[in-house]
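Novice: let's see this in three dimensions:
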Amino acid sequence: MVCGGRRSTTQHILNSSTIAKLIMPSLRTCALLLMAATTSTAFTPSPYPPSAAVRCEKYILFSSNSNNNIDNHDFDDFAEFSSTQLASSSSSMVDNNSDDDSFLSSLQSRVQQVQHQSNKLPLMILDTMLPRQVLQIQIQHPTLKSLMKHRINMETPTLGMLGMARLSTGGMVPLKTGVEVEIIQMEKADVTSTMMSSATTSSDSSGGNEEPWDISLRGGRRFIIEGDIDKTTEGWTTATVKFLDSALEEENEVKQFSKPSMEEMNPLDCSTATTTTSSDRLSLARAISKCRQFTEPNMNMKDNASLVDRWIELAKQNERHPGQIDTLLKQLGSIPPEYEPTERALWVGALINPLPSMGVATEIRPALLVSKRAEERVQVALDAILKSIRHMDGSARMW
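Specialist: Just a heads-up that it's a prediction; the model follows:
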């Protein structure tokens with residue numbers, strides 16, 4: 001793209017100095033446009049369908065000194081984590097001997113700064129969510145309300161949602177992997193007399209009069225925390241994250257095992273590692289093959305129904321209120337194709353672990369988020385939906 005350049009009518013050949021003088025105003029104009037554009041959050045269209053009206057139970061968050069907190073902890077579980085200092089910027093690769101070079105160096109620094117800020121998310125630690133899932137919460141915590149008001153002014157109002165993992169010692173820690181959630185609804189709660197009494201009590205104990213808000217959040221891109229965890233002056237926590245792309249992960253998985261191993265290069269060595277490497281190369285193909293089991297007719301199911309269809313049929317008999325499963329299916333949209341095994345596994349996980357939980361399947365959302373390969377995710381989802389079907393039809397109760 002050319003920005004504001006002037007066509008020259010000079011017939012002789014321009015030297016490099018003359019060219020630099022001609023294009024520099026254009027570069028400055030482009031830079032100003034870039035800086036103006038970066039004053040708002042970059043818009044990333046969501047690949048997931050818009051949510052339908054949500055009818056489900058709500059999580060309720062009150063002030064931090066209230067007795068009504070979920071699991072007796074504040075929403076910000078990073079409060080006691082020590083944050084590391086930001087890495088110092090590397091020295092400029094541009095020689096600053098001229099005004100033009102200084103300008104280009106400044107522009108480069110600005111672009112890097114914008115890229116860094118675009119991957120910075122405020123964090124909310126409440127529940128493990130998967131892409132496409134919709135969660136309704138009711139909040140009263142002042143800091144959390146300030147965060148929501150701050151983010152709703154963004155072009156795309158998003159924040160990071162993390163769940164908790166239980167250690168073998170019994171302790172709970174936040175997961176490092178979560179999902180970016182979009183605020184799709186925010187309004188004052190229609191508080192019933194019972195809930196109003198509870199909210200008023202918690203507000204009075206904190207010395208304020210905080211009204212509860214109803215918030216709806218929709219899960220989007222997965223991410224992993226790979227940078228610093230910082231506390232803002234406003235009171236919430238932020239972190240630098242890396243967004244994860246399922247297709248790119250699967251592509252890299254194939255590339256990773258496309259390189260010959262040392263044993264393959266040396267025919268004199270044993271072939272044990274070669275067999276393992278060849279097997280790993282087929283991991284994605286196996287994942288795609290296993291994915292078909294979710295939607296193919298299954299002779300072990302009633303009327304040869306597929307696993308997904310059979311689960312939906314049984315779940316409608318166990319739903320908490322009429323229409324719960326239909327609403328869930330509208331939120332999730334169509335099941336991804338079999339050649340997208342990671343996305344299909346995540347879809348199945350969101351189906352059998354809805355929000356709020358129906359209590360008919362084992363919790364697999366954390367496992368789906370932390371798994372590194374598509375085949376692992378598909379196997380986790382496949383095992384879980386089979387167990388859930390057997391639990392609901394009574395052939396093998398889990399509890």
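Novice: just the helices from the stretch 101-250 of the chain, written as ranges.
Specialist: Remark: helices assigned in the stretch 101-250 of the chain by DSSP state H, counting those that start in this stretch are 142-152, 193-205, 246-256.
Novice: what's the least confident stretch among those helices?
Specialist: Lowest mean pLDDT of these: helix 193-205, a mean of 38.
Novice: pLDDT weak spots in the stretch 101-250 of the chain?
Specialist: For the stretch 101-250 of the chain, the stretches flagged by pLDDT under 70 are 101-118, 192-209.
Novice: same question for the stretch 251-399 of the chain.
Specialist: Checking the stretch 251-399 of the chain against pLDDT under 70 turns up 257-279.
Novice: repeat that for 90
Specialist: Along the stretch 251-399 of the chain, the model assigns pLDDT under 90 to residues 253-281.
Novice: ok, which stretches of it are helices?
Specialist: With DSSP H, counting those that start in this stretch as the criterion, the stretch 251-399 of the chain has helices spanning 262-265, 272-281, 283-291, 307-316, 324-332, 341-352, 365-370, 374-392.
Novice: of those helices, which is nearest Ser216?
Specialist: Set against Ser216 and scored by C-beta to C-beta, the helices of the stretch 251-399 of the chain come closest in helix 324-332, at 10.4 Å. The C-beta positions use only the backbone N, C-alpha and C, and glycine is treated the same way.
Novice: what residues sit buried inside the closest one?
Specialist: Buried residues in helix 324-332, counted by 16 or more other C-beta atoms under 10 Å: 324-325, 327-328, 330-332.
Novice: and stretch 292-300, by the same measure?
Specialist: 293-294, 298.
Novice: can you show me the CA trace of it as CSV?
Specialist: Extracted in CSV, the C-alpha atoms of stretch 292-300 (Å, rounded to 0.1, in the frame of the first residue of the first chain):
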residue,chain,number,x,y,z
ARG,A,292,-15.6,-40.7,13.5
GLN,A,293,-16.9,-42.7,16.4
PHE,A,294,-18.7,-39.7,17.8
THR,A,295,-21.0,-39.4,14.9
GLU,A,296,-21.0,-42.8,13.1
PRO,A,297,-23.8,-45.3,13.8
ASN,A,298,-22.8,-47.6,16.7
MET,A,299,-24.1,-51.1,16.8
ASN,A,300,-23.7,-51.2,20.6
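Novice: which residues touch that stretch?
Specialist: Here stretch 292-300 makes contact (C-beta atoms under 8 Å, 6 or more residues apart in numbering) with 304-310, 335, 338, 344, 348, 381-382, 385.
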